[in-house]
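[1] Let's see this in three dimensions:
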Amino acid sequence: MKQVKIWLEAMRLRTLPVSMSGVLMAIGITAWQGRFQWMPALLCLVFALLAQIASNFANEYYDYKKGSDKKGRVGPRRGVTEGDIKPTTLRNITYLTLAVACAVGCCLIPYGGWKIIPVGILIAVFVLAYSAGPYPLSYHGLGELTVFIFYGLVPVIASYYVIAHTIEALPVLASMTIGFMGVNVLLVNNYRDMEDDAEAGKNTAVVIFGRQMASTAYLFNGFMAIAMLSPLWVIVYFGSKVMMPKWTFIAPILYLIFHVVIWAMLNHRRGAKLNPLLGLTALNMLIFTIIMLLAFAI
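    Sure, this is the predicted structure:
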């Protein structure tokens, strides 16, 4: 059981709603439009989860190799740093998980066509490029941009395309909503680790711009996420042909309430006390997405 717990910690389960939310949003929109197909939707969800788990493994392994993680860190326990996982084992599992993700991605070709192959290749490259390679993105203030693209734009738009075989304005706007929400999960992580990252030479956006700017960005991102779907809220309220239940408004209202509360806590906590806020930020994102999924489906 101890080994299972160690590997579950390495997967960083509390962050997985970030990859799930993009696919669930695309599923909801296709269901609303009568285009939903369960098999490509399921494959997209499995691929997204495996890709994020591989990215989390890679982040832990390459941070260990670069000396960025140290024993007794304020963030969640790192198995390889604490000696619970052999570095070679984590490296091998990282590449195995990525290979399985790629295999699942190949199963999407009959639904999305050969055009999706370059997208899959880019995802696989950025799974590693986030922490590894000659220019690791997370070490040069590009982590947030990477998350916005590969946990926001790509999963929503690509999943929608594979299921519906087209690209429209609504999934593009929804992808930016998910992108802004996903960036906030990373901001909390880097907000917590600012001193450790600076000491290790890991120049995250929080290290570069400081905690005050990160806090402001966190608050801004939440409101921008909801604003991106403003055309949908107009449809909900004024639409006549394609109606959605009025309780759809619960989603943005609840999200913003929790968002502001978490932001207020963010400003008054440091160190390990920030750990729950990372999970709460991801959970707030998932709750919003599930409510939207139900509203779209109904």
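[2] Show me where the stretch 51-200 of the chain has its helices.
    Applying DSSP state H, counting those that start in this stretch to the stretch 51-200 of the chain gives helices spanning 87-106, 109-112, 116-129, 143-148, 154-164, 169-192, 194-200.
[3] out of these, deepest packed?
    Each of the helices of the stretch 51-200 of the chain was scored by mean neighbour count; the highest is helix 154-164, a mean of 25, by mean count of other C-beta atoms under 10 Å. Where you see a C-beta, it was placed from the backbone N, CA and C, and this is true even at glycine.
[4] name the helices or strands packed onto it?
    Contact partners of helix 154-164 among helices and strands, from 3 or more C-beta pairs under 8 Å, 6 or more residues apart in numbering; DSSP states H and E: helix 17-32, helix 38-66, helix 109-112, helix 116-129, helix 169-192.
[5] Of those helices, which is nearest Leu98?
    helix 38-66 (4.1 Å; C-beta to C-beta).
[6] Can you add mean pLDDT and give the helices of the stretch 51-200 of the chain back as JSON lines?
    Listed next are the helices of the stretch 51-200 of the chain as JSON lines, based on pLDDT from 0 to 100:
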{"stretch": "helix 87-106", "mean pLDDT": "95"}
{"stretch": "helix 109-112", "mean pLDDT": "95"}
{"stretch": "helix 116-129", "mean pLDDT": "94"}
{"stretch": "helix 143-148", "mean pLDDT": "96"}
{"stretch": "helix 154-164", "mean pLDDT": "97"}
{"stretch": "helix 169-192", "mean pLDDT": "96"}
{"stretch": "helix 194-200", "mean pLDDT": "88"}
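[7] got JSON lines for those, with distance to Leu13 too?
    Formatted as JSON lines, those follow (distance: least, C-beta to C-beta, whole Å):
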{"stretch": "helix 87-106", "distance to Leu13": "14"}
{"stretch": "helix 109-112", "distance to Leu13": "28"}
{"stretch": "helix 116-129", "distance to Leu13": "18"}
{"stretch": "helix 143-148", "distance to Leu13": "17"}
{"stretch": "helix 154-164", "distance to Leu13": "18"}
{"stretch": "helix 169-192", "distance to Leu13": "13"}
{"stretch": "helix 194-200", "distance to Leu13": "22"}
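[8] Of all those helices, which one is nearest Ile287?
    Relative to Ile287, the nearest member of the helices of the stretch 51-200 of the chain by C-beta to C-beta is helix 169-192, separated by 10.8 Å.
[9] same question for stretch 57-75, mean pLDDT?
    Across stretch 57-75, the average pLDDT comes to 76.
[10] swap in stretch 21-33?
    Taken as a whole, stretch 21-33 has an average pLDDT of 95.
[11] One more: stretch 282-298?
    Mean predicted lDDT for stretch 282-298 stands at 93.
[12] gap between that stretch and the chain center?
    Distance of stretch 282-298 from the chain centroid (C-alpha atoms, centre = their mean, to the nearest Å) equals 15 Å.
[13] Keeping just the C-alphas, turn it into PDB.
    Coordinates of the C-alpha atoms in stretch 282-298 are reproduced here as PDB (Å, rounded to 0.1, in the frame of the first residue of the first chain):
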ATOM      1  CA  ALA A 282      -8.400  22.500  -9.600                       C
ATOM      2  CA  LEU A 283     -11.600  21.300  -7.900                       C
ATOM      3  CA  ASN A 284     -13.300  24.600  -8.600                       C
ATOM      4  CA  MET A 285     -12.400  24.200 -12.200                       C
ATOM      5  CA  LEU A 286     -13.800  20.700 -12.300                       C
ATOM      6  CA  ILE A 287     -17.000  21.600 -10.600                       C
ATOM      7  CA  PHE A 288     -17.600  24.400 -13.100                       C
ATOM      8  CA  THR A 289     -16.900  22.000 -16.000                       C
ATOM      9  CA  ILE A 290     -19.200  19.300 -14.600                       C
ATOM     10  CA  ILE A 291     -22.100  21.800 -14.100                       C
ATOM     11  CA  MET A 292     -21.600  23.000 -17.700                       C
ATOM     12  CA  LEU A 293     -21.400  19.400 -18.900                       C
ATOM     13  CA  LEU A 294     -24.800  18.600 -17.300                       C
ATOM     14  CA  ALA A 295     -26.300  21.800 -18.600                       C
ATOM     15  CA  PHE A 296     -25.100  21.100 -22.100                       C
ATOM     16  CA  ALA A 297     -26.300  17.400 -21.900                       C
ATOM     17  CA  ILE A 298     -29.800  18.400 -20.700                       C
END
